[in-house]
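> quick one: sequence plus predicted model below, questions after.
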Amino acid sequence: MRDPFFDNAKLLAVVLVVWGHSWGPLVGDPEHYRGLRAAYLVVYLFHMPLFIMICGWFSRSFAENASHPARLRRLLTSTVVPYLIFATAYTLQRNYRTHWEPMQLLRPWYLTWFLVALFVWRVTAPIWRIVKYPVAVAAVAMLAVGATEPSGDLVLGQVLQFLPFFVLGLTVSAERLRQLRESRALRWAAVPVFVLAFVACYWLAPRIRTTEWLFHRSGHEHLHVSLLHWMGVTLLIALVGLALSLAFLSLVPRGENRLTSLGAGSQYTYLLHGFLVQAVLGWGGYKLHLWSTWPGYLLLSALGAAVALLCATAPVRRLLRWAVEPEMRWAFKSG
């Protein structure tokens, strides 16, 4: 049976992902949109760590009997095949919107990086189940990547910098998770934590000249800081992201509601919503004066939530299952 808590968490997490991508084109100038920029910073501090921890929890089957044919088939059909399909589709859309560029499979563009990262994380899942201190080892790998200055091939920076969150979700015990879900103290503290985070980000919004730190893909040279500086800031951002993720999970409804079933379609929302964001960019839709007002921010957020829910509905999933969750029985041996 599906646990409604996880479906609720996945749905809420992917709504945050859609908000982050839909707000992004409006927050490039730190002198403008201060409130929206602050909300954007808060969301980017934890929305991908949260989403990746949940993916880690649901990747436990890959850590057991990893060489079983069924596991290998699922690995290919849940990551590799969708990546080839959506990398091609997003490249074609980008070329139509701007100018023609050949597709580079080893340099994932836009949100398709996540499928490459998920493939790598799931392949390494058996290792993290036998390592004595898996989260600590993953954290060391996260910090070590800063010295290598990733080139972007196979999104090495994001694979390793987000790795601790995947490993945490993969290895956390069911009892620890139960304690988190039932902790009244954490639930009471969650709202003040988010209020404090927003106040801090509102103060930082006009002072931060780049949000590149929050994407977890660049080393210290690209960010023009020393290695020790990079390690300190990266670790701090990771800890803040973890704290906000735990606070968020404590607020997730534990029971089933009318929207719970949509959580099963979170990957559809993740992979599909980007087409709409890129289309609006291509049409110049973000240049409308409406988006520079608070009513516009609220409308954009409401539209983002609506898109997130729509993409996860059963009709959309039936229509596009061949691309997001292909079975491809014809391609594999039986048994």
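Received, thanks. No experiment lies behind these values; they were computed from the predicted model shown.

> show me the shaky parts of the stretch 101-250 of the chain.
149-154 (pLDDT under 70).

> and if we set it to 50?
Of all residues in the stretch 101-250 of the chain, none has pLDDT under 50.

> tell me the mean pLDDT over stretch 277-288?
Confidence for stretch 277-288, expressed as mean pLDDT, is 90.

> contacting residues around it?
With contact meaning CB atoms under 8 Å, 6 or more residues apart in numbering, stretch 277-288 is reached by 21-22, 24-26, 90, 93-94, 96-97, 110, 296. Yep, even glycine has a C-beta here, placed from its N, CA and C like the rest.

> same thing but at 7 Å, please
21-22, 25-26, 93-94, 97 (CB atoms under 7 Å, 6 or more residues apart in numbering).

> ok now that stretch, how far from the chain's centre?
Its chain's average C-alpha position is 22 Å from that of stretch 277-288, according to CA atoms, centre = their mean, to the nearest Å.

> ditto for stretch 318-335
Chain-centre distance of stretch 318-335: 24 Å, with CA atoms, centre = their mean.

> could you do stretch 112-120 as well?
On CA atoms, centre = their mean, the centre of stretch 112-120 falls 10 Å from that of its chain.

> list of residues touching it?
55, 79-80, 82-83, 86-87, 90, 108, 154-155, 158-159, 162.

> swap in stretch 324-334?
73, 77-78, 81-82, 267-268, 271.

> same for the helix or strand Phe86 falls within, what does it pack against?
Assigned by DSSP states H and E, Phe86 belongs to helix 81-97. Using 3 or more CB pairs under 7 Å, 6 or more residues apart in numbering; DSSP states H and E, the elements in contact with helix 81-97 are helix 113-123, helix 266-282, helix 314-324.

> out of these, flag the one nearest Leu186.
helix 266-282 (23.4 Å; CB to CB).

> what sits against the residue most central in space within the chain?
Of all residues in the chain, the one closest to the mean position by CA atoms, centre = their mean is Met48, 3.3 Å from it. Met48 is in contact with Phe162, counting by CB under 7 Å, 6+ apart.

> switch to numbering from 452
Sure thing, new numbering starts at 452, so read that last one as Met499.

> distance of it from Ile505?
11 Å (CB to CB, to the nearest Å).

> what is the mean pLDDT for stretch 510-528?
Stretch 510-528 comes out at a mean pLDDT of 83.

> can you check stretch 752-772 too?
97.

> for that stretch, measure first residue to last.
Start-to-end span of stretch 752-772 (CA to CA, to the nearest Å) is 27 Å.

> related to what we said a few turns ago, any of the contacts of stretch 563-571 buried? List them.
With burial judged by 16 or more other CB atoms under 10 Å, the buried subset of the contacts of stretch 563-571 is 506, 530, 533-534, 537-538, 541, 559, 605-606, 609-610, 613.

> that older thread, pLDDT score for the residue nearest to the centre of the chain?
pLDDT, Met499: 95.
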